[in-house]
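Chemist: 3D, please:
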Amino acid sequence: MRGCFITMMVLVAGCSARPVPPPVDPVVDSGTPTGPSYHSFVRGFVEARCVGCHAPGGHGPFSLKTWADVAPLAPQVVDAVETLRMPPHAPRDGCRAVMSSAVVPAADIALLKQWREGGFREGDAAEYTGPEPLGFQPQVPVGDPTLVITPPDAFAPPLGPDTSNEVIISGAFTSDTWVLATDLRPVGNVGVVHHSNAFLDLQGLPPTMVPGPTAIIGSYAPGYEALVMPPESALFVPAGAGVKLFVHYSTIGITDGGVPAGRIELRLWTLPAGQRPRYQAFMDAISQSDLLVPALAPRVEVKGERELRYPGSLIAGVFPHMHLLGTAFESNVLHADGGVSCLIDVPNYDFLHQSLILFTPDARLPALEGDVHRMTCVYDNSAEHQPLVGGVPKTSVDVIWGDASTDEMCTDGLLRIVPL
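Modeler: Predicted coordinates:
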């Protein structure tokens, strides 16, 4: 969930490069005491919606944390929000209420335009009142992780477009554990890690309360943030479970000098021993691997559907996933009585800003017997919509299912919760 990994301006992980906007001359405070200023409105807006990525060391290619950062980029900031390019990956309003929605209210966009019309005033720091809360907020990991699981030895992948490595760490959990949040991240060679997954190794253990899907405990790919469970819920890990760490590397663009060694690190935040959550959380998913995106096709729809498993659970969030050609994603539940419930509708899908989208508590959807889960993935394989590889647009070719970013996927993960 981290961002596009660029080394020396050469694409090394299959992502399309996102150049930093060219700086313009810093805006000059006109001194006109009318309309919103940076401190009275824009500072709080940016802190709430932008600096999670656009901060020193963040996923964004430049910082917006201070007035000195924002001033030279103020016209681009307003334009990006006004044209709905930012914040990225925003679901369509009116489908299902989500936590920390990236959808910017029209009133906020109007205030940003007034700030531009007023000359991008800085204003007085005394006007600052802090960022507005973005509706419901999921619980966020605080402080150091409770448990960190990592391979004992570093691994240096060989040069080549696709290399995988898998490590099993047996007996990583010595007692029953309830996991509130997980953060899987590479350490030492982030520039060549294409994606990674962490699975529970349950060999020889009795079935967990909800079988199968609980085996997924962490993921890492462009745009991902920490996987945080909904309020009052946690993933269950039985005592004796191990962890299987899978890492997919891509070293496209590196021709000499070798690749640095690194580790994948699984960071976990857990409930104190003896405490239980109100709900057990687990992941389920639907994938359509039989897909073809023909060369030069400007719009291709791929649909997948499956009877919804685990009736009686609540669907608490979704995790849509495509690759670089993906442009839009829609997910629905078709009910046995003919009704349709919209789960998510992302009209401007962005591979570089993927994340688990949590529903507000009152918008969680009960899974009923006979329900069908349907998703629609939309792709653009035209010559104008090709990713950059080594700084050069890729030639449009037929694309099928595959792990590399220049392949495609059509997957919808469902975060489910069941009362305990």
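
Chemist: who's in contact with the nearest residue to residue 189 once chain neighbours are set aside?
Modeler: Ranked by Cβ to Cβ, 6 or more residues apart in numbering and with sequence neighbours excluded, the top spatial neighbour of residue 189 is residue 262, at 3.3 Å. In short, each C-beta sits where N, CA and C put it, glycine included. By Cβ atoms under 8 Å, 6 or more residues apart in numbering, residue 262 lies in contact with 154-156, 186-190, 193.

Chemist: The most centrally placed residue in the chain: what secondary structure?
Modeler: When Cα atoms, centre = their mean is applied to the chain, the residue found nearest the centroid is residue 355 (2.2 Å). Three-state call for residue 355 (DSSP: H, G, I helix; E, B strand; the rest coil): coil.

Chemist: now it: how far from residue 268?
Modeler: 19 Å (Cβ to Cβ, to the nearest Å).

Chemist: Select the longest helix from this protein.
Modeler: helix 106-117 (DSSP state H).

Chemist: Any idea what the residue nearest to residue 189 is bridged to?
Modeler: residue 155 (DSSP bridges).

Chemist: Next one: it from residue 220, what distance?
Modeler: For residue 262 relative to residue 220 (Cβ to Cβ), the value is 12 Å.

Chemist: Between the two, which contacts overlap?
Modeler: Counting by Cβ under 8 Å, 6+ apart, the residues touching both residue 262 and residue 220 are 186, 193.

Chemist: circling back to that earlier point, report pLDDT for the residue nearest to residue 189.
Modeler: Residue 262 carries a pLDDT value of 86.

Chemist: again with the one 4 residues further on
Modeler: Each residue has a pLDDT score; the one for residue 266 is 94.

Chemist: what about it, helix or strand, and which?
Modeler: strand 263-270 (DSSP states H and E).

Chemist: partners of that strand, with directions?
Modeler: strand 147-149 (antiparallel), strand 177-187 (antiparallel).

Chemist: Are there helices or strands packed against the very next helix or strand once past the longest one, and which ones?
Modeler: Pointing back at strand 177-187 there. For strand 177-187, the following helix or strand on the C-terminal side (DSSP H and E) is strand 193-201. When contacts are defined as 3 or more Cβ pairs under 8 Å, 6 or more residues apart in numbering; DSSP states H and E, strand 193-201 packs onto strand 177-187, strand 216-220, strand 242-249, strand 263-270.

Chemist: still on that earlier bit, would you give the sheet partners of the helix or strand just after the strand holding residue 266, along with the direction of each?
Modeler: Following strand 263-270 in sequence order, the next helix or strand is strand 279-287 (DSSP H and E). Note on strand 279-287: by DSSP bridges, its sheet partners are strand 233-237 (parallel), strand 411-419 (antiparallel).

Chemist: got those strands as TSV, with distance to residue 284 and mean neighbour count columns?
Modeler: Output for those, formatted as TSV (distance: least, Cβ to Cβ, whole Å; neighbours: other Cβ atoms under 10 Å):
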stretch	distance to residue 284	mean neighbour count
strand 233-237	13	24
strand 411-419	5	21
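
Chemist: out of those, nearest to residue 299?
Modeler: Of all the strands paired with strand 279-287, it is strand 411-419 that lies closest to residue 299, at 19.6 Å by Cβ to Cβ.

Chemist: Of all the helices and strands packed on strand 193-201, which one is nearest residue 349?
Modeler: Judging those by Cβ to Cβ, what sits closest to residue 349 is strand 216-220, at 17.2 Å.

Chemist: Report the distance from the helix or strand that the closest one is followed by to the chain centre.
Modeler: Following strand 216-220 in sequence order, the next helix or strand is strand 227-228 (DSSP H and E). Centroid separation for strand 227-228 versus its chain: 10 Å, with Cα atoms, centre = their mean, to the nearest Å.

Chemist: which sections of this protein are below the confidence cut-off?
Modeler: 1-33, 57-60, 89-90, 100-103, 133-142, 160-161, 207-214, 222-225, 252-258, 390 (pLDDT under 70).

Chemist: Domains in it, by residue range?
Modeler: 6-127, 147-277, 280-419 (automatic domain parsing).

Chemist: Show the end-to-end separation of the longest one, please.
Modeler: Right, the one you point to is domain 280-419. Taking Cα to Cα, to the nearest Å, domain 280-419 runs 6 Å from one end to the other.

Chemist: can you check the second one too?
Modeler: Between the opening and closing residues of domain 147-277 there is a gap of 18 Å (Cα to Cα).

Chemist: so where do the strands sit in the stretch 251-400 of the chain?
Modeler: 263-270, 279-287, 292-293, 300-307, 314-321, 326-334, 340-346, 357-358, 365-366, 372-379, 388-389, 392-393, 399-400 (DSSP state E, counting those that start in this stretch).

Chemist: Rebuild these as CSV, extending it with distance to residue 200 and mean neighbour count.
Modeler: Listed next are those as CSV, based on distance: least, Cβ to Cβ, whole Å; neighbours: other Cβ under 10 Å:
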stretch, distance to residue 200, mean neighbour count
strand 263-270, 11, 22
strand 279-287, 11, 21
strand 292-293, 33, 18
strand 300-307, 23, 15
strand 314-321, 18, 24
strand 326-334, 25, 21
strand 340-346, 26, 18
strand 357-358, 22, 23
strand 365-366, 26, 15
strand 372-379, 23, 21
strand 388-389, 35, 20
strand 392-393, 40, 11
strand 399-400, 30, 16
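
Chemist: of all these, which lies closest to residue 235?
Modeler: Of the strands of the stretch 251-400 of the chain, the one closest to residue 235 (Cβ to Cβ) turns out to be strand 279-287, at 5.4 Å.

Chemist: That'll do, ta.
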